[in-house]
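# how does the following fold in three dimensions:
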Amino acid sequence: MAMRELSDQDLVEEAKAGSDAAFAALYVRHRRAVHARCFRVLRDHDEAADAAQNAMLSALRALRRDDSPSNLRAWLLSIAHNEAVSLVRRSRPAEPLEVGHAGAGPGADEGAFQRERLRQLVDDLNALPDRQRGALLLREASASPTATSRRCSGPAPATRARPCTRRGATCTSAGWGASTGGWGSRSPAWRSPGSAR
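Modelled structure (predicted):
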């Protein structure tokens, strides 16, 4: 009698006794169902084929250890499912938590370091002369340097012909004015100390 004509139970008994031909007949009989179960979990034919092969190898080892399944098909499909899930767990890298989902956010050391850096920046800005501080603040307040900020800060140092402020005159464009002590008006204008507005 040929191996493929034997029942599953007879083939299991033969495979347990060490017959590779009996297990090969079981493999041929159930390989499509095992592959389909693995594919349902993995959604990739190559990975499903690997998982199905590993599942059948695990089944052979279990049979050789004298495991006796009551329902061979359900037992094989259970092994296949577990193997596919294990493959998914091994192949997917652990994804880092997003900042929004991280919970507490930055630690106390990092927060203190950022506050100290900000404090140092403010101290450095306050140490600058009014004209340089105004030019920096104006540049940072706008997305790109405009004609107004270029007029207040002057051209690039290599091409600078004369300073922005002339003896007593102050640029009061939408930036920091030395004579105003704060942010000037929105429209750019040159004002001499004696001129009325």
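# what separation do you get for the spatially closest residue to A24 that is not a sequence neighbour and L11?
Nearest in space to A24, with sequence neighbours left out and distances taken as CB to CB, 6 or more residues apart in numbering, is M3 at 7.5 Å. Every residue, glycine included, has its C-beta placed from N, CA and C. As defined by CB to CB, to the nearest Å, M3 lies at a distance of 7 Å from L11.
# joint contacts of these two?
Counting by CB atoms under 8 Å, 6 or more residues apart in numbering, the residues touching both M3 and L11 are 22, 25.
# hmm, back to that, the residue nearest to A24 contacts F23, doesn't it?
No - M3 is beyond contact range of F23, at 9.5 Å (criterion: CB atoms under 8 Å).
# any idea which helix or strand comes after the helix ranked longest in the chain?
Longest helix of the chain, by residue count under DSSP state H: helix 20-42. Past helix 20-42, further along toward the C-terminus, the next helix or strand under DSSP states H and E is helix 45-64.
# so what's the nearest residue to E47 once chain neighbours are set aside up against?
Using CB to CB, 6+ apart and skipping the chain neighbours, the partner closest in space to E47 is L87 (6.3 Å). Shown in contact with L87 (CB under 8 Å, 6+ apart): 42, 47, 50-51, 54.
# could you tell me which of the residues you listed count as buried?
Those of the contacts of L87 that meet the buried threshold are 42, 47, 50-51, 54, by 16 or more other CB atoms under 10 Å.
# redo those as CSV? Include distance to Y27 and pLDDT.
Formatted as CSV, the buried ones among the contacts of L87 follow (distance: CB to CB, whole Å; pLDDT from 0 to 100):
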residue, distance to Y27, pLDDT
L42, 19, 94
E47, 19, 94
D50, 15, 95
A51, 14, 96
N54, 13, 96
